[in-house]
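Enquirer: fold the following, please.
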Amino acid sequence: MSIQTDAARIFLTAWLVYAAFWNPWLQSSMTFNFLDVAVSFVDTGRWEMAHPRLYEGKDTAMAHGRLVSAEPPGTAVLIMPFYLGWRFLVGPADTMDAFQALNGALALTVGATASALVAVQSAWLAGWLGAARRGRLWTAALVAFGTQDFFLGTTLFKENLSALAVLTAVRLAVEPGGNWRRLASGAMCGVATAVTYPAGLLIPLLSLLVGKREGVKQAGAFLAGCAPLVFALGAYNTWLFGQPWLTGYYFVTGLSNLGFVFPKGAILLDLLAGPRGGLFLYAPFLLLAVAGLGAAWRTGKSGEAMVAFVFLAGLWLAAAGWQSQFADRASWAHSLGPRMMFPAVPLLAAFAAPVMDRMSRNLLLAAGIPSVLCGYLSAQAGIIPTANPFPYAVKTWLSGTGMGVVFKEALPQWLGVETLHTVVSRPDVNAGDLLRLLPTAEGARLAGNQLLLLGANLLVLGGIAWLLLRLWKKEMKRIEQ
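Expert: Below you'll find the predicted structure:
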C-alpha cells in the first residue's frame, strides 16, 4: 500500500472525527483577537482592531495611538484569504453572531484540516526515522487522538498551525532534495515563527543540521528561505513596538511589567507531569519517544534527535518562563496538556514510532488508551474555564453523556431546547438541584431532550465508524501481521 494512500486515509479519519466533535463556540479572547485582526484589515485596510468591545479588548496592545493585536501576526494573515471568501459569500463580520459563525466555519476548514495534516506529517517523519508501516500508523493515530491535536482540531487556535509548519520545515530539511527544498524548509520555519514566536528556535537548529549534513551552500539556501519572513516580522515589531525583538506580549492592554522571567521549578514540573497540564501525564505514550531519541542518536540520526530534544526543551522553558510571572503553579484554561509546548509534540511523537514497532499490541494499548482517553475528554469538554482541567472534563462528560460540544451545547441553543446538561451548566444550578428536578415532569422533559440529542450524536458517530471501518478493515489485518 503506497504512502500516499495511507496519508489520505489518515487525513480523512482524523478530519471526520474532528468534525464530529466540532466546537463552534468562540470563547477564547486569543481567537477573537486573530479574527478581529483579519476582519478589520480586510474591511478597513488598516492594521487596527475594529471590534475590541466583543472580547473586552483582551490580548491587545496600544501602539502609536491605535489598538493592535498583542499576538504574533501569522495566524491573522493566514486566515485573511478565508475571510475574503466569507465576506463575498456571506457578508462582513461586524456582530457577535457573525464572528461566531465565522469562527465555526474556520474551525472546520482551518483547524480540523491543520490538525489532520499534523497527523499525516508525523507519520511521514516516523517512516523517515525507520518505522515500519505499523509504527507509522500508530504514531498518526496517537498524535491525532492522544495529544492536544484532538482538541485543536475541533476549534481555531494557533498551535496546530505552528506545529504543521514545524513538521513541514523538518521534513523539507531532511528529505533528499536540492536548494529549493531547503529554501522551502526555511520559509516554513519563518511561517511557524510568525504564528508562534518561540518556534523561531527551530531556525538555528535546522540551519546547523542542514549545514552539518550538506554543507554551507544548502544551509545558505535554508537561511535565505527564512530571511524574508524573519525580517518582515522584525520590521513589524519595530513599526509597532519600537524594536525588532519586542513583541506585543510586553505591551498587553491592562497589564504591566510583562516579560519572560526565570522559570519556577514547580511550573517546570507541572508542564511535564503535573495535573494542570503535564505533557507525559496526559499523553503517556510520549514517554516512548524518550527511548526513540536514544535509538536515533545511536543509529546515525543524532542531529535530528538533538533538534527535536532542544526544540521541545526550548518551548518548555519559554512556556514556564511566561507562566512564572503570573503564578507559582501552571494554570491552563483551554484544554488538557501544555498548549504552548504543542508545536514540538508531534515532532517528538515521531521518534516513538520505531519503538512502537517492537512492542506488543497489549503494551501499545496500555500506553495509547490513557492518551486517547485524555484527548477525548479534552475535545468533548471544549474550552475549560478552570485551572484543574481533568475534574472539569470528567464532570462535563458526565452531565453531557459523553457528547461533543456541538451536540450537548450548540444544537440545544440553536434549536431552542433545554437539556439536563444545559440546565446544570447554569451558574445558579448545582448537581443537587438537578437531582431534585429529575423525578418531576420538567426533569423528564429535559432527560428526553438529552436522549434525543444523544441518539443523534450516536447516529453520526456510528456513520463515521461504519465509513472508517470500510476504509481500514483490510488494512488493519495487514498492520498486525
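Enquirer: for the lowest-mean-pLDDT helix or strand in the chain, packing partners?
Expert: Least confident helix or strand, the chain: helix 431-437 with a mean of 81, by mean pLDDT, DSSP states H and E. Helix 431-437 sits against helix 420-424, helix 441-480, with contacts defined as 3 or more C-beta pairs under 8 Å, 6 or more residues apart in numbering; DSSP states H and E. In this view, the C-beta of every residue, glycine as well, is placed from N, C-alpha and C.
Enquirer: list the buried ones in the longest one?
Expert: Of the residues in helix 441-480, those buried by neighbour count under the rule 16 or more other C-beta atoms under 10 Å are 443, 446, 449-450, 453-454, 457, 460-461, 479.
Enquirer: ok, which stretches of this structure are strands?
Expert: For the chain, applying DSSP state E gives strands covering 60-63, 66-69.
Enquirer: could you dump these into TSV and include mean pLDDT?
Expert: What follows is the strands of the chain, written out as TSV (pLDDT from 0 to 100):
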stretch	mean pLDDT
strand 60-63	91
strand 66-69	94
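Enquirer: burial count for residue 325?
Expert: Under the neighbour criterion other C-beta atoms under 10 Å, residue 325 is assigned a count of 14.
Enquirer: the residue lying closest to it once chain neighbours are set aside and residue 24, how far apart?
Expert: Leaving aside its sequence neighbours, residue 325 sits nearest to residue 261 (C-beta to C-beta, 6 or more residues apart in numbering; 4.9 Å). Counting by C-beta to C-beta, to the nearest Å, the gap between residue 261 and residue 24 amounts to 37 Å.
Enquirer: looking at the two, which one has more neighbours?
Expert: For residue 261 versus residue 24, neighbours defined as other C-beta under 10 Å are more numerous around residue 24 (23 against 14).
Enquirer: these two touch, right, the more buried one and residue 103?
Expert: Yes - under the criterion of C-beta atoms under 8 Å, residue 24 lies in contact with residue 103, with a separation of 7.0 Å.
Enquirer: can you check the pLDDT for residue 321?
Expert: Per-residue confidence (pLDDT) for residue 321: 86.
Enquirer: go on, the one 4 residues further on?
Expert: Note for residue 325: predicted pLDDT of 81.
Enquirer: now residue 267
Expert: Per-residue pLDDT puts residue 267 at 87.
Enquirer: same check on residue 36?
Expert: 97.
Enquirer: residue contacts, it?
Expert: Contacts were defined as C-beta atoms under 8 Å, 6 or more residues apart in numbering; by that measure residue 36 touches 49-52, 54-55, 69.
Enquirer: these: which two are farthest apart?
Expert: In the contacts of residue 36, the most distant members under the criterion C-beta to C-beta are 54 and 69, with 13.9 Å between them.
Enquirer: pick out whichever of the two has more residues nearby.
Expert: Looking at residue 54 and residue 69 with other C-beta under 10 Å, you find the greater number of neighbours at residue 69, namely 24 against 20.
Enquirer: look up how far residue 63 lies from the more buried one.
Expert: Applying C-beta to C-beta, one obtains 10 Å for the distance of residue 69 from residue 63.
Enquirer: could you list the domains of this protein?
Expert: The domain map for the chain lists 3-375, 400-480, with the assignment taken from automatic domain parsing.
Enquirer: where among those is average confidence lowest?
Expert: Looking at these, the lowest mean pLDDT belongs to domain 400-480 (a mean of 89).
Enquirer: now that one, how far from the chain's geometric center?
Expert: On the basis of C-alpha atoms, centre = their mean, to the nearest Å, domain 400-480 is displaced by 24 Å from the centre of the chain it belongs to.
Enquirer: so that it lines up with my notes, have the first residue be 312 from now on.
Expert: I'll keep to 312 as the first residue from here, and by that count the last item is domain 711-791.
Enquirer: follow-up on the earlier one: would you turn the buried residues of helix 752-791 into CSV with distance to residue 470?
Expert: What follows is the buried residues of helix 752-791, written out as CSV (distance: C-beta to C-beta, whole Å):
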residue, distance to residue 470
754, 41
757, 36
760, 35
761, 32
764, 30
765, 31
768, 27
771, 27
772, 26
790, 29
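Enquirer: what about the helices in the stretch 462-611 of the chain?
Expert: Using DSSP state H, counting those that start in this stretch, the helices of the stretch 462-611 of the chain run over residues 470-485, 490-506, 513-525, 527-552, 576-584, 590-593, 598-609.
Enquirer: neighbouring contacts of the least confident helix or strand of the chain?
Expert: Helix 742-748 is contacted from outside by 731, 734-735, 754, 757, using C-beta under 8 Å, 6+ apart.
Enquirer: sorry, back to before: of the domains of the chain, which is nearest residue 702?
Expert: The minimum distance between residue 702 and those falls on domain 314-686, with 9.0 Å, by C-beta to C-beta.
Enquirer: reformat the strands of the chain as a markdown table; add distance to residue 419.
Expert: Compiled in a markdown table, the strands of the chain are given as follows (distance: least, C-beta to C-beta, whole Å):
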| stretch | distance to residue 419 |
| --- | --- |
| strand 371-374 | 27 |
| strand 377-380 | 23 |
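Enquirer: give the contact list for the nearest residue to residue 775 once chain neighbours are set aside.
Expert: The spatial neighbour of residue 775 that comes closest, neighbours along the chain excluded (C-beta to C-beta, 6+ apart), is residue 327 at 5.0 Å. Applying C-beta under 8 Å, 6+ apart to residue 327 gives the contacts 775, 778-779.
Enquirer: and which of those residues is nearest residue 656?
Expert: Sorting the contacts of residue 327 by distance to residue 656 puts residue 779 at the head of the list, at 23.9 Å, by C-beta to C-beta.
Enquirer: the closest one contacts residue 324, correct?
Expert: Yes - under the criterion of C-beta under 8 Å, residue 779 lies in contact with residue 324, with a separation of 5.6 Å.
Enquirer: which residues are in contact with each of residue 380 and residue 374?
Expert: With contacts taken as C-beta under 8 Å, 6+ apart, residue 380 and residue 374 have residue 559 as neighbours in common.
Enquirer: number of residues surrounding residue 382?
Expert: Residue 382: 25 surrounding residues under other C-beta under 10 Å.
Enquirer: kindly report the same for residue 491.
Expert: One way to gauge burial is a neighbour count; for residue 491, by other C-beta under 10 Å, it gives 11.
Enquirer: distance of it from residue 533?
Expert: Residue 491 sits 11 Å away from residue 533, taking C-beta to C-beta as the criterion.
Enquirer: for residue 563, which non-adjacent residue is spatially closest?
Expert: The spatial neighbour of residue 563 that comes closest, neighbours along the chain excluded (C-beta to C-beta, 6+ apart), is residue 381 at 4.8 Å.
Enquirer: all set, thanks.
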